[in-house]
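**Q** Build the 3D model from these lines:
(chains A, B and C)
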Amino acid sequence: MVKTLKEISELIDGELLGDGEIEIIGVSGIKEAREHELTFVANSKYLREIERTQASAIIVGQDIPYDGKPLIRVDNPYFAFVKVLELFAWRKRKTTYGIHETAIIGDNVQIGEMVSIQAYTYIGDNVQIGDGTIISPFVYIGDDTKIGNETLIYPNVTIREDVEIGNRVILHCGVVIGSDGFGFASVSDRHHKIPQIGTVIIEDDVEIGANTTVDRATMTNGATIIKRGTKLDNLIQIAHNVVIGEDCCIAAQTGIAGSAELKDRVTMAGHSGAVGHITIGADSTVFAKSAATKDLPAGSYVSGFPAENHAQQLRIQASLRRMPEMLQAFTRLQERVTQLEAQLNTTDDKSDDS
Amino acid sequence: MVKTLKEISELIDGELLGDGEIEIIGVSGIKEAREHELTFVANSKYLREIERTQASAIIVGQDIPYDGKPLIRVDNPYFAFVKVLELFAWRKRKTTYGIHETAIIGDNVQIGEMVSIQAYTYIGDNVQIGDGTIISPFVYIGDDTKIGNETLIYPNVTIREDVEIGNRVILHCGVVIGSDGFGFASVSDRHHKIPQIGTVIIEDDVEIGANTTVDRATMTNGATIIKRGTKLDNLIQIAHNVVIGEDCCIAAQTGIAGSAELKDRVTMAGHSGAVGHITIGADSTVFAKSAATKDLPAGSYVSGFPAENHAQQLRIQASLRRMPEMLQAFTRLQERVTQLEAQLNTTDDKSDDS
Amino acid sequence: MVKTLKEISELIDGELLGDGEIEIIGVSGIKEAREHELTFVANSKYLREIERTQASAIIVGQDIPYDGKPLIRVDNPYFAFVKVLELFAWRKRKTTYGIHETAIIGDNVQIGEMVSIQAYTYIGDNVQIGDGTIISPFVYIGDDTKIGNETLIYPNVTIREDVEIGNRVILHCGVVIGSDGFGFASVSDRHHKIPQIGTVIIEDDVEIGANTTVDRATMTNGATIIKRGTKLDNLIQIAHNVVIGEDCCIAAQTGIAGSAELKDRVTMAGHSGAVGHITIGADSTVFAKSAATKDLPAGSYVSGFPAENHAQQLRIQASLRRMPEMLQAFTRLQERVTQLEAQLNTTDDKSDDS
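**A** Numbering: from 1, shown residues only, chains lettered A, B, ... in the order given. Predicted coordinates for the structure are as follows:
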């Protein structure tokens, strides 16, 4: 794809400074960019990078002066840049619509318009698939599952029976939705499986990373729910009956245990976790490798395991680093006190003697 | 499925209190239950929930009084409830028996009776598949692998060559059995692959969660073994030559390193681990995010990394929270001692002077 | 396969001691070995095992005396043993060359010689596949991807579009290469997807474990890179724009966050991690369950979170275990000082009185 700088400037409602006829064929970071590519700088800290970059033009904010190098000036350079990235990303998606002859489609399946059901897909009975949805090779969709519009399902994804997936959802390769929750009734040391017959609801605009697993709820009316706009990274475990609020952001390899609830806009960093049956308040952040073990109020900012207020954790971390020397100092102080006691008793004795 | 309360009561050997002709169409938790659903309460703590529930009937223990609401009284309400869940779960499994025309079956494959080998499955040479076993779409089974009776293999599972899977095993979506162990001979900084030519043995009644990986053993007679009745959650790593005992329960994202051994009935919580070549004694528990780093006697109850006795860890955690204030108090105490020393020297001087 | 001890001895350039006509049919660890199997001992610590083993012959170093039991003496017994393992491992790989009739091959695909493209594989347009490469069932390869020679791709692997895979690479079951990086522009609490249009480069002799995920870079010229000879275990997350050096060794369930760089020969133990945008120097080691949070110089040896020098961490761990008793001792010391102060004031008073 080739676009002129003028065309791009119009797309992002920017102020064009310099030659609008320059042809742009790609977008890159400021260090990696080559000729005929567009880049961006978030703020004036990167002025030196602007001089050095080989990019043919730069998207900048209001604080960057025009110095001969072609610029597009906007209010939010980062957000504008994402729009341009989207423009060039279309090149990548060359979807063939229709149902491939090798796709296996069950009975009573409802399929919308402009759908791409690709080679070697398996779709069970009574499945509904909305308009513009793409199902890639080696995807399995179980009976009675509903999938919304413009949803993108990458290869080797498994969606079990009786699950609901919304609109504009993205499921990356290897994702599993609706696997059995981990529930057993243990009697005399034997674990008896509790059938997991609840469902999973993935709302609109959710994105789920590669090889992440989302278990189904245990009982008839139960559902594991991931709400609108939430983004999950790779290799995450979402256990049965978990509820994740809107616009949450959960980094790779995090685990959320059964029946835990995350309210809206919670951030969980990599390798973090939450134990079962707790609630994490809205706008909270759980740090990397930490795990929440109790209910947290809205706006919490916690780290460690068990996770505590992060500022307090930093103080503890700092204390911890001083521990070895402190223990030595403590031993010395004990000796000094012992000596003082000895001395004072002598003094006392003297006093008594006197 | 519709069952009368009387039919269900007989199934679970319960004492029916109230109208046995009530029709039950599903099972739910006490809060989610609607009319024509059955629920349960584990103990009398939930008396208030019994008043509020919309369930048409409740399975209860001996300690709950009959108050007009239909009850089925049993000794273990939870276990009885699981039986009813199983009854209603059958509705979900609508399996078609036989071999789908798209299944690829190798030479010399032995297939039992009432088997379901579904669309787009690949079964290598000399494979044995027992009676009543279900192989879902996109499942790969390598040459010379044996699978027992009534085993359920979900979509996108890969079972490599020369592996043994027992009876009534459940492998959830995306599971990998028999991948190469992580073994290299490092010579002059280069890592040379050690071929992994051992096997994996999964015994009867084992359940393995979505996207969990179980590596094969290194050598000819070696085996990575998961013994009868053990349950593994999602995204777990079981390395080569690991032996996991009977009736263990391992939560999501746990990792067991090479040649470690877990004896019977070990519990590992989420994100926990064991380093290689250690033995964890029977009936031990390793807490979440903890890792065992040395042999543990039977009945151990450990947390932290390196994992130590949990009670001791709790004391350390409590101490830790007091560290920042304690360090301040320590500095003050040092000052006080210094002052005492100064004062005492003055006193001494005075004494000497006197 | 049957080989005489003499044949094996010649293969590994060893000194044969004992009957060279003994027939060897397999290789095993010293404890598991049976008759007609070969084993090895790394050093003289295992002398007692040599007496006990049922193996028909043993590969040993220069320090083991000949005592009647057939031996092959070499400089590096472990490395020699790996060569023999490789010999016997060939039995396992019984590959059929050619393109299976069910394989779906896109337009303009270039396929080398002696290639095995197996049943139910999907290969997009413009893909290049080198000589001797094996593509197993249920593997998806996206458009414009290049794969080198003698590369082995196990079942259920997904390789997305526009990715480069080198020679002699091994991708284990369930691996995902080129999934979207986790990048969003957050405006007014909504997360807007940043299209991920960069690539992934997997260099020669890399091995990637089951269900591990490697995300593609964000921008046109960007690449997530895993360099020559590096070995990744199972269930690892490699985020977008990460660069991993040559001959690194990364254990299971480790996570490397976006744009982090590992120089050559870095070792990361199980469940470890690195935060984004940091550099870990060559020949460094990060311990299990630890995470690097800042740039580390070459040869670092760190543990904990945030990861610090391991020797220092061990001192902190040791201090930590003494904390509970130390806090009690501290309280007692405070009392002693208070008493001293009281006593000294009395003494002072006395002195004053005197």
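
**Q** what about residue A:106, how many neighbours?
**A** 15 (other CB atoms under 10 Å in any protein chain shown). (C-beta placed from N, C-alpha, C; glycine too.)

**Q** The stretch 51-200 of chain A against chain C: which residues are in contact?
**A** Residues of the stretch 51-200 of chain A lying close to chain C (CB under 8 Å from any CB of the partner chain) are A:76, A:78-79, A:82, A:85-86, A:88-89, A:92, A:94, A:102, A:119-120, A:136-138, A:154-156, A:170, A:172-174.

**Q** Which of these fall in helices?
**A** If you go by DSSP state H, those have A:78, A:79, A:82, A:85, A:86, A:88, A:89 in helices.

**Q** Do you know the pLDDT at the residue lying closest to the fourth one once chain neighbours are set aside?
**A** When the adjacent residues along the chain are set aside, residue A:85 lies closest to residue C:195, with 4.7 Å between them (CB to CB, 6 or more residues apart in numbering or on different chains). At residue C:195, the predicted lDDT confidence score is 88.

**Q** Pretty sure residue A:41 sits against residue A:55.
**A** No - using CB atoms under 8 Å, residue A:41 makes no contact with residue A:55, being 10.0 Å away.

**Q** out of those two, which sits in the busier spot?
**A** Legend: neighbour count by other CB under 10 Å for residue A:41 and residue A:55, higher for residue A:55 (28 against 23).

**Q** tell me the secondary structure for that one?
**A** coil (DSSP: H, G, I helix; E, B strand; the rest coil).

**Q** how much space between residue A:242 and residue A:203?
**A** For residue A:242, the distance to residue A:203 equals 14 Å [CB to CB, to the nearest Å].

**Q** Which of the two has more residues huddled nearby?
**A** Applying other CB under 10 Å to residue A:242 and residue A:203 shows that residue A:242 carries more neighbours, namely 25 against 19.

**Q** Pick the one among the ones in helices among the residues of the stretch 51-200 of chain A next to chain C closest to chain B.
**A** residue A:89 (27.2 Å; CB to the nearest CB).

**Q** residues near the closest one, how many?
**A** 17.

**Q** excluding its backbone neighbours, what's nearest it?
**A** Residue A:89's closest residue in space is residue C:195 (CB to CB, 6+ apart), at 3.4 Å.

**Q** Return the residues in contact with that neighbour.
**A** A:82, A:85, A:86, A:88, A:89, A:92, C:180 (CB atoms under 8 Å, 6 or more residues apart in numbering or on different chains).

**Q** Leaving out chain neighbours, which residue sits closest to the fourth one?
**A** What that stands for is residue A:88. residue A:27 (5.5 Å).

**Q** backbone phi and psi for the one you found, please?
**A** Residue A:27 adopts backbone torsions of phi -130, psi 140, taken as degrees, to the nearest 10.

**Q** okay, it: pLDDT?
**A** We have a pLDDT of 85 for residue A:27.

**Q** is it true that it touches residue A:83?
**A** No - Residue A:27 lies out of contact with residue A:83 (CB under 8 Å); the separation is 10.4 Å.

**Q** Those two: who's more crowded?
**A** residue A:27 (27 against 17).

**Q** Quick check: bridge partners of that one?
**A** residue A:38 (DSSP bridges).

**Q** what's the spatially closest residue to residue A:216 that is not a sequence neighbour in contact with, if anything?
**A** Of all residues not flanking residue A:216 in the chain, residue A:178 sits nearest, at 4.5 Å (CB to CB, 6+ apart). Residues near residue A:178 by CB under 8 Å, 6+ apart: A:142, A:145, A:159, A:160, A:161, A:162, A:163, A:199, A:200, A:214, A:215, A:216.

**Q** Relative to residue C:321, which of these is nearest.
**A** Taking CB to CB as the measure, residue C:321 sits nearest to residue A:215 out of the contacts of residue A:178, at 37.7 Å.

**Q** Tell me how many other residues crowd the closest one.
**A** Neighbours around residue A:215, by other CB under 10 Å: 31.

**Q** so it touches residue A:239, yeah?
**A** Yes - Residue A:215 lies in contact with residue A:239 (CB under 8 Å); the separation is 5.4 Å.

**Q** Give me the common contacts of the two.
**A** A:181, A:182, A:224.

**Q** most neighbours, which of these?
**A** In these, the most neighbours by other CB under 10 Å go to residue A:224, 29 neighbours.

**Q** Find the nearest non-adjacent residue to it, please.
**A** That would be residue A:200: by CB to CB, 6+ apart, it lies 4.7 Å from residue A:224.

**Q** so who does residue A:36 touch?
**A** So residue A:36 contacts A:22, A:23, A:24, A:25, A:26, A:56 (CB under 8 Å, 6+ apart).

**Q** Could you list which of the contacts of residue A:178 belong to strands?
**A** Per DSSP state E, strands hold the following members of these: A:159, A:199, A:200, A:214, A:215.

**Q** Switch those residues over to CSV; also include pLDDT.
**A** As requested, the ones in strands among the contacts of residue A:178 are exported to CSV (pLDDT from 0 to 100):
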residue, pLDDT
A:159, 98
A:199, 96
A:200, 98
A:214, 98
A:215, 98
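
**Q** List buried residues within the residues you listed.
**A** A:159, A:199, A:200, A:214, A:215 (16 or more other CB atoms under 10 Å in any protein chain shown).

**Q** what's the distance between the residue in the stretch 101-250 of chain A that chain B sits nearest to and chain C?
**A** Closest approach between the stretch 101-250 of chain A and chain B, counting by CB to the nearest CB: residue A:195, at 3.4 Å. Noted for residue A:195: a distance of 26 Å to chain C, by CB to the nearest CB, to the nearest Å.
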